[in-house]
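Predicted structure and sequence below. I'll ask about it afterward.
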Amino acid sequence: MIILDFLSTAWPHIATLTIFLAILATAVHILYKKRDSRAAAGWLGLVWFVPVLGVCLYWMFGVNRIKRRAKLRFAGKQDVLLPEREAAVFSSFIEQMYGEGDKRNLVQLSRMTDKLTRQPLMRGNRVTPLINGDQAYPRMLSCIEAAHHSIALCSYIFDNDSWGGRFRSALRDARKRGVEVKVLIDGVGARYSFPPITWGLRRDGVDAADFLKTMLPWRFQYLNLRNHRKILVIDGRVGFTGGMNIREGNCLADNPSRPVQDLHFFIEGPVVAELQRAFAEDWTFTTRKVLEGKKWYPHLEPQGEGVARGISDGPDEDFDKLRRVILAALATAQQSISIITPYFLPDGELVSALRIASLRGVAIEILLPAVSNLRMVKWASDAGLEELLQEGCRIFLTKPPFDHSKIMMVDHTWVLLGSANWDSRSLALNFEFNLECYDYQLAESIALVLQEKKATARELTLQEIISKSPIVKLRNRLFYLFSPYL
């Protein structure tokens, strides 16, 4: 009875003390964990002025659990040693190439990316653009059909459709020839068609695995920690990477119901070992099996004049590498920046870097699809374009079909290509693979591709953005608030 009497009179004080301690603990967590001062100030104000609700909202929505969850899941992920080191060069080699000319800024960029990635550049590479599945798929299939020792294929989406069936048949035939075949498909991307292609591959005897297989009974494109990489390596000697999935919509000559424009790249030279390493690390994590030996890592001779580096990015030990490389490129650009991306939701730091580069006199052109396959992403993206247009950036809207290409080029020399989009999902939440290339020949090819796209695109004007109806602006700003999650 004494205890009950005490609790009946003391419970308001106990509740007040509990709430105060919860507020204090939350405030300390905000101060330690929030690097953005504006976000920290906003959460602190909410926690102190709306105590119970503010604390609940912060612990539900204000804590970034993605990176922590990735650290836990990938704590046992083993780095795969890269045996190809004869072709490795560092920024001193770039200085010999550009140190005396008008591209000296690229020497600074190479020094920064050396430190950011802790991976060497590789010389002696040739990178060939392949436009749409019309060019990419036949080239990929011919390499699979010519394989002698090994095939490593990683894709976010590998549809069970007409072109997916051709790849499946080629992989099955390669296995029958004695080629060791490994296929890794993302657990969500595998569900874009039914039945998943992995079922058929396994029936064919192909060693196929799902990356972070989900228990959800449907595909949900906003799940995090997805493997968004697109990598194909044949005999460890030639490779393909870029932004292209395997699905029939990419072959425009077939008149698909949902056509998609895209770019992929044929890679030759020592940097192919970087593609193999990225695949091998994901394969080891998923299956606990290590890829070793010359069938996976042969000696690679120089095949061209390009200097390139593989950049793996994801919410594990590679966290934030790619975003900082992009920031370094924006900071060092002197003449021009060209960007083409299907989804454009840069964070505040990237937007500021673009605006500052434009104010410095750098000509910035951004190509975006006029019609997106994700409406909410398009609305959120439109909300952030006004401030870029105000600073002199030029934005072009490419006509349908939907353009899924992903390229960044600086000063008509430095090219960044691969699987990553300009959004938080690619730069912070998913696993991506990109190549940075110092290559005049590749830059000329990319410039022609961009020129052709721009010739049929429509330039977006500041007046067009300003004149949108208040309801459309309100809708766009509302979805812009959720841009880190789209």
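That came in fine, so what should we check first?

From the contact counts, what lies against whichever strand or helix holds residue 478?
Assigned by DSSP states H and E, residue 478 belongs to helix 470-480. Helix 470-480 is packed against helix 375-383, with contacts defined by 3 or more C-beta pairs under 8 Å, 6 or more residues apart in numbering; DSSP states H and E. In this view, the C-beta of every residue, glycine as well, is placed from N, C-alpha and C.

For this protein, which residue occupies the most central location?
residue 420 (2.2 Å; C-alpha atoms, centre = their mean).

So for it, what's the pLDDT?
With respect to pLDDT, residue 420 has a value of 95.

And for residue 244?
Reading off the model, residue 244 has pLDDT 96.

One more: the one 10 residues further on?
With respect to pLDDT, residue 254 scores 94.

ok, now residue 46?
76.

Surely it touches residue 57?
Yes. Contact between residue 46 and residue 57 holds when scored by C-beta atoms under 8 Å: they sit 6.7 Å apart.

higher neighbour count, these two?
Using other C-beta atoms under 10 Å, the more surrounded residue of residue 46 and residue 57 is residue 46, with 18 against 14.

Report the secondary structure state of that one.
What DSSP: H, G, I helix; E, B strand; the rest coil gives for residue 46 is helix.

again, but for residue 299
Going by three-state DSSP: residue 299 is coil.

Repeat that for residue 396.
strand.

any idea how far residue 366 is from it?
Counting by C-beta to C-beta, to the nearest Å, the gap from residue 396 to residue 366 is 7 Å.

more crowded one of those two?
The neighbour count for residue 396 versus residue 366, taken as other C-beta under 10 Å, is higher for residue 366 (23 against 19).

Got the confidence number for the more buried one?
At residue 366, the predicted lDDT confidence score is 97.

isn't it right up against residue 392?
No. Using C-beta under 8 Å as the test, residue 366 is too far from residue 392 to be in contact (11.8 Å).

can you map out the helices along the stretch 51-200 of the chain?
Remark: helices assigned in the stretch 51-200 of the chain by DSSP state H, counting those that start in this stretch are 51-57, 65-73, 91-98, 105-117, 132-145, 162-176, 197-203.

Can I get those in JSON lines including mean pLDDT?
What follows is those, written out as JSON lines (pLDDT from 0 to 100):
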{"stretch": "helix 51-57", "mean pLDDT": "76"}
{"stretch": "helix 65-73", "mean pLDDT": "49"}
{"stretch": "helix 91-98", "mean pLDDT": "76"}
{"stretch": "helix 105-117", "mean pLDDT": "89"}
{"stretch": "helix 132-145", "mean pLDDT": "98"}
{"stretch": "helix 162-176", "mean pLDDT": "96"}
{"stretch": "helix 197-203", "mean pLDDT": "92"}
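
Adding distance to residue 29, write those out as TSV.
Rendered in TSV, the data for the helices of the stretch 51-200 of the chain read as follows (distance: least, C-beta to C-beta, whole Å):
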stretch	distance to residue 29
helix 51-57	10
helix 65-73	13
helix 91-98	39
helix 105-117	28
helix 132-145	47
helix 162-176	47
helix 197-203	41
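
Confidence-wise, which helix or strand of this protein is lowest on average?
The weakest-scoring helix or strand in the chain, judged by mean pLDDT, DSSP states H and E, is helix 65-73 (a mean of 49).

How much space separates residue 405 from residue 288?
For residue 405, the distance to residue 288 - C-beta to C-beta - is 35 Å.

quick one, which of these two is more surrounded?
The neighbour count for residue 405 versus residue 288, taken as other C-beta under 10 Å, is higher for residue 405 (25 against 9).

What is the burial count for the nearest residue to residue 272 once chain neighbours are set aside?
Spatially, and ignoring its direct neighbours in sequence, residue 272 is nearest to residue 239 (4.4 Å; C-beta to C-beta, 6 or more residues apart in numbering). Applying other C-beta under 10 Å, we find 27 other residues in the vicinity of residue 239.

Residue 175 now?
For residue 175, using other C-beta under 10 Å, the count is 18.

circling back: counting neighbours, which bits of the helix holding residue 478 end up buried?
Using 16 or more other C-beta atoms under 10 Å as the test for burial, helix 470-480 gives 475, 476, 479, 480.

And for stretch 384-399?
For stretch 384-399, burial by neighbour count (16+ other C-beta under 10 Å) applies to 384, 385, 388, 389, 393, 394, 395, 396, 397, 398.

and that stretch, how far apart are its ends?
20 Å (C-alpha to C-alpha, to the nearest Å).

follow-up on the earlier one: tell me if I am right that the residue nearest to residue 272 is in a strand.
Yes. Assessed with three-state DSSP, residue 239 lies in a strand.

I'd say it and residue 270 touch.
No. Using C-beta under 8 Å, residue 239 is not in contact with residue 270, being 11.0 Å away.

What's the mean pLDDT across stretch 272-286?
93.

Which positions are bridged to the residue nearest to residue 272 in the beta structure?
Under the criterion DSSP bridges, residue 239 forms beta bridges with residue 233, residue 267.

go on, residue 183?
Residue 183 has these beta-bridge partners by DSSP bridges: residue 153, residue 208.

Quick check: pLDDT value at it.
Looking at residue 183, its pLDDT stands at 97.

since we're on residue 462, how many residues are nearby?
There are 15 residues near residue 462, going by other C-beta under 10 Å.

List the contacts of the nearest residue to it once chain neighbours are set aside.
Counting by C-beta to C-beta, 6+ apart, residue 389 is the residue found nearest to residue 462 once chain neighbours are left out, at 4.2 Å. Residue 389 makes contacts with 395, 460, 461, 462, 465, as judged by C-beta atoms under 8 Å, 6 or more residues apart in numbering.

Can you tell me which of these is closest to residue 357?
residue 395 (14.6 Å; C-beta to C-beta).

measure that closest one to residue 370 for me?
From residue 395 over to residue 370 (counting by C-beta to C-beta), the distance is 11 Å.

cool, residue 292 as well?
48 Å.

Looking at those two now, which is surrounded by more residues?
residue 370 (15 against 12).

And the more buried one, what's its pLDDT?
Turning to residue 370, the model gives it a pLDDT of 94.

Spatially nearest residue to it, not counting backbone neighbours?
In space, residue 370 is closest to residue 397, 3.8 Å off (C-beta to C-beta, 6+ apart).

hey, what's that neighbour bridged with?
residue 368, residue 458.

Quick one, grab the pLDDT at it.
96.

Equivalent analysis for residue 308, please.
pLDDT, residue 308: 95.

Identify the residues contacting it.
Here residue 308 is in contact with 121, 122, 125, 127, 267, 269, 271, 435, 436, 437, 438, 439 (C-beta under 8 Å, 6+ apart).

and residue 283, that one's in a strand?
No. Assigned with three-state DSSP, residue 283 falls outside any strand and is helix.

quick one: it and residue 152 touch, right?
Yes. Contact status for residue 283 versus residue 152: in contact at 7.4 Å, counting by C-beta under 8 Å.

Can you check which residues contact both of the two?
By C-beta under 8 Å, 6+ apart, residue 283 and residue 152 have these common neighbours: 182, 291.

With residue 256 as the reference, measure out to the closest residue to residue 161 other than its chain neighbours.
The shortest distance from residue 161 to any non-neighbouring residue, by C-beta to C-beta, 6+ apart, is to residue 248 (4.5 Å). For residue 248, the distance to residue 256 equals 5 Å [C-beta to C-beta].
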